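3D, please:
(chains A, B, C and D)
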There are 2 protein chains.
Amino acid sequence: MAAKRSGAESKGSGRRGASPQSGQEPRSEPSLSLERIVATAVELLDAEGVDGLKMRRLADRLGSGAMSLYWHVDNKEKVFDLALDAVLEYRASPGIVAFEDWREDIVHLLEDWRASMLRHPWSASLLPRRALGPNILARLELLSKALSKAGVADADLNAAIWSLWNFVIGATITRANFELSDEDRAAAQQRLTGLSQHYPTIERSRLLLDNDWDGAFRKGLDFLLDGLAPRR
Amino acid sequence: MAAKRSGAESKGSGRRGASPQSGQEPRSEPSLSLERIVATAVELLDAEGVDGLKMRRLADRLGSGAMSLYWHVDNKEKVFDLALDAVLEYRASPGIVAFEDWREDIVHLLEDWRASMLRHPWSASLLPRRALGPNILARLELLSKALSKAGVADADLNAAIWSLWNFVIGATITRANFELSDEDRAAAQQRLTGLSQHYPTIERSRLLLDNDWDGAFRKGLDFLLDGLAPRR
DNA sequence: AATTGCATCGTACAGCGTACGAGTCAATCG
DNA sequence: CGATTGACTCGTACGCTGTACGATGCAATT
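Numbering: from 1, shown residues only, chains lettered A, B, ... in the order given. Sure, this is the predicted structure:
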């Protein structure tokens, strides 16, 4: 009862007016805010994965009670939405895109997208089942512009966008979930070798041992772009 | 206490020996089995989605107690694994594949794959985070063979397989999750129109209104295959 | 001084996966 | 034949989850 706000009623800055300082203890508990909640949720997700995000745990990290979060957030779902959107902000200078080499622009755009998601492996699997936030739309807009510039016909534009979207999403989800371990991969390939009469081709190509994900992504992207707008 | 096995101790066929009939009530409760559990889990998943699968609910459908399931299955995770593998069985005659027109073969293979997953929309999002079962490996093997026949270089084979995998997974997950409703889509496009100064290109192409998923899939697949093995 | 409204939190509840142990019944054995 | 075994089923209970509800504190306003 007594301890909670341990020795400091200061609380840092109030939200509304301007009554910032109240003497000492500048770093006790900075009080809740949507930004702090989202930022901490991202931290927690990075550290513990999707299943590790629990409201009580999040509140612990924030030094608050679990129910306090619900003043700022409707429910847990919204926390996921906000965390996802926060992580997909596109910071790259838009000037770079749609410059001269459209192909480099697109590759850069999509590799950055993938990298952003891989930095937060939970994000890829969340992305498809959530609403399109402004950051995602901005990325799609840029992509669309670049494809237009590349000479993709208007009639093919949507299909082209979705193709690249699908490819990036699929690649990132797969990559993020197959990350498990070398032993696992070796065991899988081992099992495969045991059944090599059933799966001779993928056994020979060592499909399950191949872990050059970056290279495969780049290669696949080249394939797709070749199909979309053949190099001259 | 008394009612449970209501009025019939027959119970249908015992598992082991051959004591199938016991007089009347041939359709009371056919007793538990792994097959029945998996089949019912698929039904339940189809009806209620991933979140709708609860052990108690599954047991209800089976006319059994919740804990009885755990004799046949380690835990809920395994139920997901088994349901997923069950749904991805490939029944198509393997003779069709790798026949003469490799391109048609590949398209057929992948469209069937996608169709199988869309018949059970929960399966797509489950696929990437689960182990590769025999049915999945069989599909990869067939795909690999077809690509080889198509002239894809050995060095590019794995990248080609993963590219197609990524594309199919991404397309299916996206499709299954954007299925929501026409109003939602309209609302999204509406919101977009309101912000058309920010997203002029995708607003103009009506990206969010476009719901010709099948056509987009086929088109994207063509793009990718064009890149992988150019048509002569 | 009284009121208002933002913000926080303790308690409580229903629902979840599942550990544990007791129960049933058919097949087997002495 | 009775005793034993082992496959199978299920009732109860526990810890954990998201969150509804109401009490509480505190700053600004009246």
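
Mean confidence (pLDDT) on the helix or strand hosting A:Met117, please.
Assigning secondary structure by DSSP states H and E places A:Met117 in helix A:102-118. Helix A:102-118 carries an average pLDDT of 92.

With only the CA atoms kept, save it in CSV.
Extracted in CSV, the C-alpha atoms of helix A:102-118 (Å, rounded to 0.1, in the frame of the first residue of the first chain):
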residue,chain,number,x,y,z
TRP,A,102,14.2,1.4,-61.0
ARG,A,103,15.4,-2.2,-60.6
GLU,A,104,17.8,-1.2,-57.9
ASP,A,105,15.2,0.9,-56.3
ILE,A,106,12.7,-2.0,-56.1
VAL,A,107,15.3,-4.4,-54.8
HIS,A,108,16.4,-2.0,-52.2
LEU,A,109,12.8,-1.3,-51.1
LEU,A,110,12.0,-4.9,-50.7
GLU,A,111,15.2,-5.9,-49.1
ASP,A,112,14.7,-3.2,-46.6
TRP,A,113,11.2,-4.4,-46.0
ARG,A,114,12.4,-7.9,-45.4
ALA,A,115,15.2,-6.7,-43.2
SER,A,116,12.8,-4.7,-41.1
MET,A,117,10.7,-7.7,-40.5
LEU,A,118,13.6,-10.0,-39.8
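
Can you list the helices and strands that that helix packs against?
If you count contacts as 3 or more C-beta pairs under 8 Å, 6 or more residues apart in numbering or on different chains; DSSP states H and E, helix A:102-118 packs onto helix A:122-126, helix A:134-150, helix A:154-178, helix A:213-228. To be clear about C-beta, it is placed using only N, CA and C from the backbone, and glycine gets the same treatment.

Show me what counts as buried in stretch A:138-156.
Using 16 or more other C-beta atoms under 10 Å in any protein chain shown as the test for burial, stretch A:138-156 gives A:138-150, A:152, A:156.

tell me the mean pLDDT for that stretch?
pLDDT averaged over stretch A:138-156 gives 90.

Helix A:134-150 and the helix holding A:Met117, what's the angle between them?
Helix A:102-118 and helix A:134-150 are oriented at 160 degrees to each other (axes from the mean of the first three to the mean of the last three C-alpha atoms, to 10 degrees).

How far does helix A:102-118 sit from its chain's centre?
Offset of helix A:102-118 from its chain centre (C-alpha atoms, centre = their mean, to the nearest Å): 13 Å.

What about the residue nearest to A:Ser64 when sequence neighbours are not counted, how many residues nearby?
Leaving out its chain neighbours, the residue that sits closest to A:Ser64 by C-beta to C-beta, 6 or more residues apart in numbering or on different chains is A:Leu32, at 5.6 Å. Close neighbours of A:Leu32, defined as other C-beta atoms under 10 Å in any protein chain shown, add up to 20.

Where does A:Leu32 sit: helix, strand or coil?
Three-state call for A:Leu32 (DSSP: H, G, I helix; E, B strand; the rest coil): coil.

Pretty sure it sits against A:His72.
Yes: look at A:Leu32 against A:His72 with C-beta atoms under 8 Å: they come within range, at 6.3 Å.

show me what contacts the spatially most central residue of chain A?
Centroid check for chain A by C-alpha atoms, centre = their mean gives A:Met117 as the closest residue, at 3.0 Å. The contact partners of A:Met117, by C-beta atoms under 8 Å, 6 or more residues apart in numbering or on different chains, come to A:Val87, A:Leu88, A:Ser123, A:Ala124, A:Leu127, A:Thr172, A:Ala176.

Those: which two are farthest apart?
Spatial extent of these (C-beta to C-beta) is set by the pair A:Leu88 and A:Ala176 at 14.4 Å.

ok, A:His120 touching A:Leu44?
No: applying C-beta under 8 Å as the test, A:His120 and A:Leu44 come out as separate, 11.2 Å apart.

Which one's more surrounded, those two?
In terms of neighbours (other C-beta under 10 Å), A:Leu44 is the more surrounded of A:His120 and A:Leu44; the figures are 21 against 18.

Using the three-state scheme, assign that one.
helix.

measure it to A:Arg206 for me?
37 Å (C-beta to C-beta, to the nearest Å).

now A:Pro200
12 Å.

what's the answer for A:Lys78, then?
Taking C-beta to C-beta, one finds A:Lys78 at 44 Å from A:Arg206.

returning to that earlier point: can I get the contacts of A:Met117 in JSON lines including neighbour count and distance to DNA strand C?
Output for these, formatted as JSON lines (neighbours: other C-beta atoms under 10 Å in any protein chain shown; distance: C-beta to the nearest atom of the strand, whole Å):
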{"residue": "A:Val87", "neighbour count": "20", "distance to DNA strand C": "23"}
{"residue": "A:Leu88", "neighbour count": "19", "distance to DNA strand C": "26"}
{"residue": "A:Ser123", "neighbour count": "26", "distance to DNA strand C": "25"}
{"residue": "A:Ala124", "neighbour count": "25", "distance to DNA strand C": "24"}
{"residue": "A:Leu127", "neighbour count": "23", "distance to DNA strand C": "25"}
{"residue": "A:Thr172", "neighbour count": "26", "distance to DNA strand C": "28"}
{"residue": "A:Ala176", "neighbour count": "20", "distance to DNA strand C": "23"}
